[in-house]
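[1] Task: produce atomic coordinates for the following.
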Amino acid sequence: MDIKVVKLMNRIPGGIMVIPLLAGALLNTFLPGTLTIGGFTTGLLKEGTSCLMGLFLICCGASISFKQVGAPLYKGALLTVLKLIIGIVIGWGVQYIFGSKGIFGITPVALIAVLTNSSGSIYATLADRFGDSTDVGAVSVLSINDGPFLTMVALGATGMSDIPFMALLATVLPIIIGIVWGNLDKEFRELCSKALPLIIIFLSFVLGAGMSFVTVIQAGASGIILGAIVLIFSGLLLNVLYCLILRKRTAVGAAAGTAAGNSVATPAAIAEADPGFAPYAAVATAQCSAACVMTAILCPVMVALLDKRIKKRQAAGQNIKEENRIGGKEVHEE
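    The predicted structure follows:
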């Protein structure tokens with residue numbers, strides 16, 4: 001019996017990432033003990049995020065030419081700055097109008113925490129599928145928004161935190177290894193290109209295995225609203241601005257429209273740095289968890305549908321140009 005699971009994943013928008021992610025989340029929600037039996041099973045399917053992400057970045061780096069290095073840095077910086085600005089405007093706007101308690105039960109702390117962070121793993125995976133190698137390489141800069149640093153910057157607490165150089169180097173090094181090896185060895189580049197889909201499937205499953213649908217229920221409507229805010233403002237709006245600046249139609253900018261897993265710990269980190277936020281930390285943590293699960297599932301679908309729409313419009317535009325060209329040629333011949 002031939003069960004064509006991969007074919008099914010390719011037919012569903014963002015399916016190669018969404019289906020394994022959902023499988024991991026469902027298993028972790030209802031049968032969490034299955035993934036914690038130890039050995040290779042736990043090492044790969046529950047705790048393999050860092051290893052698989054490292055392999056993924058090496059493979060992505062292998063597809064980047066030495067001549068393209070500047071483009072990933074520019075795109076990564078652009079995405080990071082846009083996310084920071086959006087987070088500051090919305091978070092401070094809610095703080096100014098509604099105060100520290102926020103709106104719909106969502107505090108400014110929770111808003112800024114999820115809007116200024118994004119999942120580098122999900123972004124890189126989507127960028128590889130719907131963009132090019134320079135889009136994937138942008139994760140080397142975009143990863144700066146992991147953790148509470150940019151959130152603290154947005155809250156005016158830059159003196160309370162810093163990004164260790166080694167933490168940045170640890171993120172960039174796999175990409176550098178891939179770039180150097182891929183440029184020196186054509187066969188290695190081809191090998192990495194073939195390996196990417198398999199790595200994406202397992203990486204997506206492990207990301208899902210770190211999530212639970214219970215957190216969505218605990219956060220209630222406020223967590224769902226927070227997730228929707230991330231998708232709309234940190235995904236769609238960011239992509240519009242990204243396209244305007246690049247002067248290019250792409251769906252890759254929307255791939256940053258996720259709430260990173262690290263954002264779940266951000267409210268507690270901020271509360272520790274500034275006790276004034278302590279009363280809101282617990283609620284904000286639950287809301288960030290819900291937004292993390294929701295965006296991880298819906299962002300790939302959103303990017304896939306957006307990419308499909310963009311390509312459909314581009315194809316229609318090319319057809320019109322071709323018809324005009326043929327019509328003009330016929331008139332000229334007459």
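[2] residues near the residue lying closest to residue 131 once chain neighbours are set aside, how many?
    Leaving aside its sequence neighbours, residue 131 sits nearest to residue 252 (CB to CB, 6 or more residues apart in numbering; 4.0 Å). Any C-beta I mention is one placed from the backbone N, CA and C, and that applies to glycine too. By other CB atoms under 10 Å, 28 other residues sit near residue 252.
[3] Repeat that for the one 4 residues further on.
    As a burial measure, residue 256 scores 32 neighbours (other CB under 10 Å).
[4] Flag the shaky bits of the stretch 51-200 of the chain, pLDDT-wise.
    68, 144, 146-165, 167-168, 171 (pLDDT under 70).
[5] which residues in it form helices?
    Assigned by DSSP state H, counting those that start in this stretch, the stretch 51-200 of the chain shows helices spanning 70-98, 108-115, 120-130, 133-137, 139-142, 149-154, 165-184, 186-209.
[6] and the longest helix for this structure?
    Using DSSP state H, we find that the single longest helix of the chain is helix 278-333.
[7] where's stretch 226-238 relative to the chain centroid, distance-wise?
    Between the centre of stretch 226-238 and the centre of its chain there are 12 Å (CA atoms, centre = their mean, to the nearest Å).
[8] Not counting it itself, show me its contacts.
    Identification of contacts with stretch 226-238 by CB atoms under 8 Å, 6 or more residues apart in numbering yields 79, 82-83, 86-87, 90, 106, 110-111, 114-115, 118, 219, 253-254, 256-259, 287-288, 290-291, 293-295, 298-299, 302, 306.
[9] Show me what counts as buried in that stretch.
    226, 227, 229, 230, 231, 233, 234, 235, 237, 238 (16 or more other CB atoms under 10 Å).
[10] Pull the residues that contact stretch 312-323.
    residue 249.
[11] quick one on the thing from earlier: okay, the helices of the stretch 51-200 of the chain, which one's buried deepest?
    Comparing the helices of the stretch 51-200 of the chain by mean neighbour count (mean count of other CB atoms under 10 Å), helix 108-115 ranks first with a mean of 30.
[12] How about residues contacting that helix?
    The contact list for helix 108-115 (CB under 8 Å, 6+ apart) reads 83, 86-88, 90-92, 94-95, 100, 102, 148, 151, 154-155, 226, 229-230, 233-234, 259-260, 263, 266-267, 270, 277, 280-281, 283-284, 287-288, 291-292.
[13] by how many degrees do it and helix 278-333 diverge?
    For helix 108-115 against helix 278-333, the angle by axes from the mean of the first three to the mean of the last three CA atoms, to 10 degrees is 40 degrees.
[14] tell me the angle helix 108-115 makes with helix 70-98.
    Using the same axes, to 10 degrees, helix 108-115 lies at 160 degrees relative to helix 70-98.
[15] list the contacts for the residue lying closest to residue 124 once chain neighbours are set aside?
    Leaving out its chain neighbours, the residue that sits closest to residue 124 by CB to CB, 6+ apart is residue 139, at 4.4 Å. Residues near residue 139 by CB under 8 Å, 6+ apart: 57, 60, 76, 120, 123, 124, 127, 171, 175.
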